[in-house]
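# Using only what follows, build the 3D model:
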Amino acid sequence: MPKVFRGIPVSEGIVASNVVKYSSPAVLLDSIAEADCRAGENEEQRLLNALETFKSYVRGVMEFVDESERELLQAYILMAEALVNECIEIIGSEKVCGELAIKRVYEKYSTMLKSAKSSLIAWREADLREIALSLIKSMISGDSSKVVAELRGKIVISEELTPMAFMELIRAGIRGLVTVRGGHTSHVAILARSHGIPYVVIPSLKIDEIPESARSVLDGFEGTFIVNPDIDVFARYQKKSSTVSRLMDKLRKNALGRARSLDNVEVDVLCNVGNLEEARSALSHGCDGIGLFRVEFLYASGIPPSEDTLFNVLTRVAQMYNEKPVIIRAPDLGADKPLPFLELKEENPALGLRGVRLLLEYREELLKPFLRAFLRALSHHSNLKLLIPMVTKLNEVYDFVSVLESAASESVGASVLSKLEIGVMIETPSAALIVDKLAEAPFVKFASLGTNDLVQYTLAVDRNNPRVSHLYNELEPSVLRLIKQTVDLASRKGLHLEVCGEMASKPMAIPVILSIGIRALSVSPRYVGVVKYIVNNISISRTSENLAFAPDMEDSSKVLEKVREIYREHGLIDLLELYE
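Purely as a prediction, here's the structure:
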């Protein structure tokens, strides 16, 4: 019976093969006992040798990764040196073995980092764990562990991997990787992307429940892992895997340049990111800027972030992207995203106190500190722009601007407002229908279509409800009519529009969006190459002719057929094979 697991897509690609379970060196931490681990005569030297092995390995990796990722790898070396220095003190004073000293130092800082309850700090804890495991593994084994030949061509599943263990698997010829622990910015993730290995992290996966050598499919684009798929599904993914192999080099090359259609129309391809580490990683994917920087990760702890914390984060992301635009969305909070410091229990959070509504209700506690921090950052970095979440009516924008002006007078002064560009999130039909009115509000220069919610509200479909999720479709004519009307109303006012929802990254929807008149798409970094490849290989004027009547068609199937015709006409058969 097929089992489908969904996780976090970390490295792109598709592979259809058998699984092999790999015993992770992560178990080493738990196996080190206090009573059995005393220092030998050369204990400090053993530890220093392990450090040099680790540093040599990381420097080797730095030679073939993108420049934007080298800073992260250099940080690994600094963290490892600091960890070892503290371990040497423990060895000298307590006469314990190096492995136990590493375990103690790791557990000390791990407890501190985890108590911060921040997703950003969680990444640092994962980095520290990787370093500790790599050092311990080097001390115990000395040489690389033996890897059996049966790994070649297989999908490896493991609780967790150290970078060195992953390099052993690369040498053994694995084709895909699934782990229970890990993240998009971990060292192993960087290596997987550098080597073109599809990689998905699935926290809910129970490895013991996966049969050894089970036939499986791994989709690193969608974050899907299918165990024991039907023969026809397996065969279809085998075909997709071959297509991906042909496409990947093209996608990488396209990602690094500008998106310009065959008829010379330029399209901005920006990125959606959820924290600083994702922003740093996105630099190597070819993003033309940040179309949506989410700050909600800063509100995950027991208290709201301080103004200085917000300022520091906004300043760092602005510096990363230098002259490229960085759009900061004001905190999009509500009962659908529970906050530990606010009691927000609602029967229907989708229609409740969320977005700008919540910010205005908690203007002193949440909105003003955020706006003061943003304006301070803007005074130093003019590439920052501000986005208002979940707008439904014009008065919300005016009220938001009033608080903004008050925050300016309390911090950097009103002069900074001359640099300000505000955008409004179009996530509801009500906002879409009055976008021309929203364009008249002070400082409003652009709008961003959040198609995930816009489609949900237009079709009255909860896409997370399995009983109705099949009705959720961005290409329904009602949705396309609403988007087309939004584009027309915005263009009359000279309002710049971008699409930042998932619709912007779906290959079967991109030609439709472009034909309607959108010229800026903000997507997850992993889709930049795909989006630019599509734009670079179609004529937008020809596409617009073919799709001119899409909003008036009977249903989404008719629209899809038109998109297929466009791809066939432009020779993009490989995309049809991959995404159909």
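
# which stretches of the stretch 51-200 of the chain form strands?
For the stretch 51-200 of the chain, applying DSSP state E, counting those that start in this stretch gives strands covering 155-158, 176-179, 199-201.

# ignore the last one, the stretch 301-450 of the chain
Secondary structure of the stretch 301-450 of the chain (DSSP E, counting those that start in this stretch): strands located at 326-329, 384-388, 422-426, 444-449.

# just checking, what packs against the longest one?
In terms of contacts (3 or more C-beta pairs under 8 Å, 6 or more residues apart in numbering; DSSP states H and E), strand 444-449 is packed against strand 384-388, strand 422-426, helix 435-438, helix 477-492, strand 496-499. C-betas here are computed from N, CA, C, even on glycine.

# Nearest residue to P369 in space, please, no chain neighbours.
E307 (4.6 Å; C-beta to C-beta, 6 or more residues apart in numbering).

# quick one: contacts for the one you found?
Counting by C-beta atoms under 8 Å, 6 or more residues apart in numbering, E307 makes contact with P369, R372, A373, R376.

# So G98 is in contact with R46, correct?
Yes: taking C-beta atoms under 8 Å as the definition, G98 is a contact partner of R46 at 5.3 Å.

# Which of these two has more residues huddled nearby?
The neighbour comparison of G98 against R46 (other C-beta atoms under 10 Å) goes to G98, with 29 against 19.

# What's the separation between the more buried one and N275?
33 Å (C-beta to C-beta, to the nearest Å).

# S430 too?
The span separating S430 from N275 equals 31 Å under the rule C-beta to C-beta.

# out of those two, which sits in the busier spot?
N275 (23 against 12).

# Could you report the separation of that one from K206?
Look at N275 and K206: by C-beta to C-beta, they are 28 Å apart.

# Likewise for E63?
In terms of C-beta to C-beta, E63 sits 38 Å off from K206.

# One more: D555?
40 Å.

# Compare those two and say which is more crowded by neighbours.
D555 (12 against 9).

# how about that one, what does it touch?
D555 sits next to E476, P477 when contact means C-beta under 8 Å, 6+ apart.

# Going forward, count from 25.
Noted, 25 is the first residue going forward, which turns the last one into D579.

# Phi first, then psi, for it.
Per-residue torsions, D579: phi -160, psi 180 (degrees, to the nearest 10).

# ok, now the one 3 residues further on?
The phi and psi torsions at K582 (degrees, to the nearest 10) take the values phi -70, psi -40.

# Repeat that for F249.
phi -130, psi 120.

# who does it bridge with?
When assigned by DSSP bridges, F249 has beta-bridge partners F29, L242.

# these two touch, right, it and V241?
Yes: using C-beta under 8 Å, F249 is in contact with V241, at 7.3 Å.

# returning to what we had before: and R592, which of the helices and strands packed on strand 468-473 is closest to it?
Closest of these to R592 is helix 501-516, at 21.2 Å (criterion: C-beta to C-beta).

# If you compare the directions of that closest one and strand 468-473, what angle comes out?
Counting by axes from the mean of the first three to the mean of the last three C-alpha atoms, to 10 degrees, helix 501-516 points 170 degrees away from the direction of strand 468-473.

# so helix 501-516 versus strand 446-450, what angle?
Going by the same axes, to 10 degrees, helix 501-516 is angled at 160 degrees with respect to strand 446-450.

# Just the CA atoms of helix 501-516, as CSV, please.
The C-alpha trace of helix 501-516 is given here as CSV (Å, rounded to 0.1, in the frame of the first residue of the first chain):
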residue,chain,number,x,y,z
PRO,A,501,-12.0,31.6,-14.6
SER,A,502,-13.5,33.4,-11.5
VAL,A,503,-10.0,33.8,-10.0
LEU,A,504,-8.5,34.9,-13.3
ARG,A,505,-11.3,37.5,-13.9
LEU,A,506,-10.6,38.9,-10.4
ILE,A,507,-6.8,39.1,-11.1
LYS,A,508,-7.3,40.6,-14.5
GLN,A,509,-9.7,43.3,-13.1
THR,A,510,-7.1,44.0,-10.3
VAL,A,511,-4.3,44.5,-13.0
ASP,A,512,-6.6,46.8,-15.0
LEU,A,513,-7.5,49.0,-12.0
ALA,A,514,-4.0,49.2,-10.8
SER,A,515,-2.6,50.1,-14.2
ARG,A,516,-4.9,53.1,-14.4
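
# which residues are in contact with that helix?
With C-beta under 8 Å, 6+ apart, helix 501-516 has contacts from 450, 453, 456-457, 459-460, 463, 471, 473, 475, 478-479, 482-483, 497, 520-521, 536-537, 540-542, 574-580, 583.

# rewinding a little: can you list the strands of the stretch 325-474 of the chain in a markdown table and add distance to A528, mean pLDDT and mean neighbour count?
Shown next, in a markdown table, are the strands of the stretch 325-474 of the chain (distance: least, C-beta to C-beta, whole Å; pLDDT from 0 to 100; neighbours: other C-beta atoms under 10 Å):
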| stretch | distance to A528 | mean pLDDT | mean neighbour count |
| --- | --- | --- | --- |
| strand 350-353 | 14 | 98 | 24 |
| strand 408-412 | 15 | 98 | 24 |
| strand 446-450 | 13 | 98 | 26 |
| strand 468-473 | 8 | 98 | 23 |
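
# Could you export those to CSV, including columns for distance to L102?
Converted to CSV, these look like this (distance: least, C-beta to C-beta, whole Å):
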stretch, distance to L102
strand 350-353, 27
strand 408-412, 29
strand 446-450, 38
strand 468-473, 38
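
# R199: which of the ones you listed is closest?
strand 350-353 (36.4 Å).

# Mind picking the two most distant members of the contacts of E331?
Using C-beta to C-beta, the contacts of E331 span at most 10.8 Å, a distance reached by P393 and R400.

# what's the spacing between R176 and I38?
Taking C-beta to C-beta, one finds R176 at 18 Å from I38.

# Between the two, which is the more surrounded one?
I38 (25 against 13).

# so who does D243 touch?
Going by C-beta under 8 Å, 6+ apart, D243 touches P33, I38, P222, V224, F249, I250, Y261.

# Make a PyMOL selection of the buried ones in those residues.
In PyMOL, this line selects whichever of these come out buried by 16 or more other C-beta atoms under 10 Å:
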select buried, resi 33+38+222+224+249+250+261
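
# would you list the contacts of D243 in JSON lines and tack on distance to P26 and pLDDT?
Formatted as JSON lines, these follow (distance: C-beta to C-beta, whole Å; pLDDT from 0 to 100):
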{"residue": "P33", "distance to P26": "20", "pLDDT": "88"}
{"residue": "I38", "distance to P26": "16", "pLDDT": "93"}
{"residue": "P222", "distance to P26": "19", "pLDDT": "94"}
{"residue": "V224", "distance to P26": "17", "pLDDT": "95"}
{"residue": "F249", "distance to P26": "11", "pLDDT": "97"}
{"residue": "I250", "distance to P26": "6", "pLDDT": "97"}
{"residue": "Y261", "distance to P26": "12", "pLDDT": "92"}
